[in-house]
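# model this:
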Amino acid sequence: MRRLPALIALAFGSAAHSLDFAEFNAAGGAFDLKGHVHYYFEEYNEQQPHEALDLLKNGLFTRADSARLSLGYTRKAVWVAVPFVWREAKAATFMLEITALIDSIQFSYVSERGLILDSSLTGRDFPMSSRGLPNHNFVFPITIEKPTSPAPASARVKREAADAATRGVILMRLQSQGSMLVPLQLMHEVQFYKTDHIEQLVFGFYFGIMLVMVLYNLFLYASTRERSYAFYVFYILFFALFQFALWGYFHEIVLPDAPRLAKYLLPTFLHLATIFQLLFATQFFQAKALIARQYKLAGFLSFVTFLSLIVGPFLPYRIFITIGIFTGSGAALAIFFMALKLYIRKVKVARYFLIAYTTLIGGVVFLTLRNLGVINYSFISTYSAQIGSALEVILLSLALADKINIWRNEKEEAQKQVIDREREMNRAFQLFVPQKFLELAGETDFTRLQLGKSTTRDITILFSDIRRFTALSESMTPEENFRFLNSYLSRMGPIIRKNGGFIDKFIGDAIMALFPVSPQTAAQAALAMRHELRLYNAHRRAQNFEPIDIGIGIHTGSVRLGTIGENERWEGTVIGDTVNLASRIENLSSTFSAAIVVSEAVLRELPPETPARELDTIRVKGKKQAVTVYELVEDEA
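Below is the predicted model:
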């Protein structure tokens with residue numbers, strides 16, 4: 001240990017009162033380091049702790065907003081300083097934990113008196129024996145001794161001693177060929193061991209899932225001898241080993257005395273996982289026959305990854321791991337788009353791949369951005385690869401199992417597709433000719449309909465129309481017109497169906513609906529449509545669109561219901577004076593500025609207490625007999 005007490009005491013003594021020290025948070029069992037982490041890029045020659053402390057005192061360090069530094073890739077050494085204060089008059093041991101892959105860490109703990117109380121040199125390029133505490137992360141114990149008094153003191157001196165605070169600065173010189181990611185935590189030893197225990201359980205669960213998936217798919221391969229299962233087993237195995245190395249467990253458990261080998265195995269496992277996932281996907285999808293272009297792209301990625309794997313051990317680590325990250329991300333994206341293309345083509349087994357690689361890509365993207373220093377450390381970015389890959393391997397295992405079921409049930413599936421196709425055709429037909437129309441026409445199967453077949457029914461007809469729609473539509477593009485109409489009609493259609501009616505046809509912005517039960521159901525639908533219109537207009541105002549108004553006309557009577565057209569084009573419709581009169585009554589709603597206009601025939605069928613206002617007795621164009629029309633009064637509440 002190199003001690004420079006005089007120089008450091010001078011520097012620290014003058015800086016102690018100007019630094020902002022991190023305080024201990026008893027509730028969290030750790031120091032709040034946010035805003036208390038400082039860093040400095042070493043420009044020229046290697047500096048010593050006392051020189052770095054002098055730079056800190058003179059304000060040449062940069063204060064970080066977070067306790068999780070994300071400095072990207074850099075060839076420079078970085079000095080990190082963490083001033084902290086312990087205000088309890090008792091001894092304590094704290095743990096500084098760095099969850100990162102840093103090649104070299106020169107650690108120093110400087111006391112308030114300027115003494116280097118502890119120092120060590122460790123990192124990923126050093127054996128595990130160089131670490132003060134054996135752990136897959138870098139952990140540095142910091143011990144604060146209990147203040148002692150050599151002789152009895154007065155009460156005032158005792159109070160001062162009890163109130164005295166222990167200040168210190170943690171100094172670290174960091175160097176790394178990988179991304180300079182430095183998430184720091186300074187915890188009480190009790191909190192550290194509690195957190196570490198939970199982390200071990202989480203990773204134990206994760207690696208347990210990966211092991212189970214390896215054994216499960218190995219069993220499937222032994223049962224089926226399908227090569228895609230073998231490729232998948234190797235993919236899971238190498239991806240799990242990549243995660244095992246990424247989090248430092250491989251160095252800690254498998255190769256504690258071979259740091260360089262443990263370091264280079266990380267990108268090696270990543271390269272192998274990339275190669276086998278591409279082999280697995282192309283084999284599983286039969287990509288060569290179904291998606292030849294994507295198959296060639298996967299072959300190119302495999303070649304680049306294999307070439308990098310061969311020359312990687314002879315390249316600088318930074319280049320080796322960067323190629324691995326980009327080829328791994330490219331492979332995941334390529335497989336995602338393979339699955340998407342096949343899913344669009346209705347290839348059933350692609351659906352699990354699509355979901356699986358959606359989760360994996362989310363994790364890979366966060367991991368890549370984190371390693372490039374684009375985003376800071378967070379729970380999501382830190383554990384994204386574990387979350388995404390665990391879900392991915394489970395979903396892909398389901399995909400493989402699903403493929404077996406497809407092989408066994410091919411004949412049944414073909415029959416089911418015929419039935420489903422027929423149902424789809426029925427459903428599609430009902431979008432144009434409602435089922436209730438068929439029932440009123442005396443048929444339940446549209447394939448039995450005959451052109452010109454009709455029947456007489458007593459039906460209530462409801463017409464609705466958007467007022468001043470022509471002027472409104474001229475202010476919109478055709479695409480905006482379609483969006484507006486579909487937005488409006490999608491709100492009105494369910495109301496008509498809920499009240500026992502069905503839509504016979506859309507006439508531009510107008511709706512023609514039939515109510516076979518009673519006029520009362522049509523009136524209820526009209527009132528509900530007006531209520532929904534008020535809600536819709538509130539929504540339009542919030543979106544800075546002008547409100548709209550509609551007029552509704554209702555009449556009831558006898559109609560002829562059936563099919564009209566010619567051999568190549570049919571249409572179901574209703575014909576008769578009742579239909580014509582209902583349409584003209586709706587037109588009167590604009591003339592009288594009334595929201596809902598009904599005929600006397602409709603009003604007679606409504607309850608006596610129905611609020612209505614007589615408008616006029618008029619002779620509608622085309623009719624000799626005068627018709628009395630009424631406005632249904634809405635309840636504004």
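# use CA for all of it now, contacts and neighbours both
Fine.
# which one's the longest strand in this structure?
strand 550-566 (DSSP state E).
# residues of it that come out buried?
The neighbour-count check on strand 550-566 (16 or more other CA atoms under 10 Å) flags 550-564 as buried.
# From the contact counts, what lies against it?
With contacts taken as 3 or more CA pairs under 8 Å, 6 or more residues apart in numbering; DSSP states H and E, strand 550-566 sits against strand 454-466, helix 519-542, strand 569-575, helix 577-591, strand 596-599, helix 600-604.
# so how far is that strand from its chain's centroid?
When C-alpha coordinates are averaged (CA atoms, centre = their mean, to the nearest Å), strand 550-566 and its chain have centres 49 Å apart.
# now it against strand 569-575, angle please.
130 degrees (axes from the mean of the first three to the mean of the last three CA atoms, to 10 degrees).
# What mean pLDDT does strand 550-566 get?
Strand 550-566 comes out with an average pLDDT of 86.
# Straight-line length of stretch 122-135, end to end?
12 Å (CA to CA, to the nearest Å).
# what does that stretch contact?
Contact with stretch 122-135 is made by 101-106, 120-121, 138-141, 251-252, 256-260, 263, as judged by CA atoms under 8 Å, 6 or more residues apart in numbering.
# List the buried residues of it.
Buried, per 16+ other CA under 10 Å, within stretch 122-135: 122-128, 131, 135.
# Can you say which helix or strand has residue 238 in it?
According to DSSP states H and E, residue 238 maps onto helix 227-246.
# got the contact list for that helix?
Under CA under 8 Å, 6+ apart, the answer for helix 227-246 is 101, 207, 210-211, 213-214, 217-218, 220-221, 250-251, 262-263, 265-267, 269-270, 272-277, 279-281, 283-284, 386, 393, 400.
# Just the buried ones among those, please.
Applying 16+ other CA under 10 Å to the contacts of helix 227-246 flags 101, 207, 210, 213-214, 217-218, 220-221, 250-251, 262-263, 265-267, 269-270, 272-277, 279-281, 283-284, 386, 393, 400 as buried.
# Show me what counts as buried in the helix holding residue 238.
For helix 227-246, by 16+ other CA under 10 Å, it's 228-246.
# Give the closest residue to residue 619 in space, chain neighbours not counted.
Residue nearest to residue 619 in three dimensions, not counting chain neighbours: residue 626, with 4.3 Å by CA to CA, 6 or more residues apart in numbering.
# and the gap between residue 94 and residue 188?
4 Å.
# Same question for residue 529.
Relative to residue 188, and taking CA to CA, residue 529 is found at 65 Å.
# Equivalent analysis for residue 269, please.
Taking CA to CA, one finds residue 269 at 35 Å from residue 188.
# try residue 169
Distance from residue 169 to residue 188, by CA to CA: 16 Å.
# cool, and residue 301?
47 Å.
# In the protein, where's the longest helix?
helix 189-224 (DSSP state H).
# Flag every buried residue along that one.
189, 191-192, 206-207, 209-210, 213-214, 217-218, 220-221.
# Determine which two of these are furthest apart.
189 and 221 (47.2 Å; CA to CA).
# tell me which element residue 184 falls in.
Using DSSP H and E, residue 184 falls in strand 179-188.
# Give me the most central residue, this protein.
Nearest to the mean C-alpha position of the chain, counting by CA atoms, centre = their mean, stands residue 362 at 7.8 Å.
# now it, nearest residue through space, not along the chain?
That would be residue 388: by CA to CA, 6+ apart, it lies 6.9 Å from residue 362.
# Let me know whether the one you found touches residue 355 as I believe.
No: Residue 388 is beyond contact range of residue 355, at 10.5 Å (criterion: CA atoms under 8 Å).
# just the helices in the stretch 251-400 of the chain please.
259-285, 287-290, 292-311, 317-344, 350-371, 379-408 (DSSP state H, counting those that start in this stretch).
# Which elements pack onto the third one?
Just to be clear, that refers to helix 292-311. helix 259-285, helix 287-290, helix 317-344.
# same question, the first one
In terms of contacts (3+ CA pairs under 8 Å, 6+ apart), helix 259-285 is packed against helix 227-246, helix 292-311, helix 317-344.
# Work out the gap between the helix holding residue 238 and the centre of the chain.
Worked out by CA atoms, centre = their mean, helix 227-246 lies 25 Å from the chain centre.
# picking that back up, of residue 301 and residue 188, who's got more company?
residue 188 (23 against 20; other CA atoms under 10 Å).
# contacting residues for that one?
29-30, 92-95.
# closest to residue 308 among those?
Distances from residue 308 to those, taken by CA to CA, are shortest for residue 95, at 39.0 Å.
# The strand or helix carrying that closest one: which residues count as buried?
Taking DSSP H and E as the criterion, residue 95 maps to strand 92-98. Residues of strand 92-98 classed as buried: 94-98 (neighbour count, 16+ other CA under 10 Å).
# do the same with stretch 596-611
Those would be 596-603, 606, for stretch 596-611 by 16+ other CA under 10 Å.
# isn't residue 625 right up against residue 581?
No: with contact defined as CA under 8 Å, residue 625 does not reach residue 581; the gap is 11.4 Å.
# Of those two, which one has the most company?
residue 581 (23 against 9).
# Can you pull out the low-pLDDT segments for the stretch 151-300 of the chain?
151-164 (pLDDT under 70).
# Could you report the separation of the residue nearest to the centre of the chain from residue 66?
Counting by CA to CA, the gap from residue 362 to residue 66 is 24 Å.
# so how far is residue 339 from residue 630?
61 Å.
# swap in residue 85?
From residue 85 over to residue 339 (counting by CA to CA), the distance is 55 Å.
# Among the two, which residue is more densely surrounded?
With neighbours defined as other CA under 10 Å, residue 85 and residue 339 compare such that residue 339 has more, 25 against 17.
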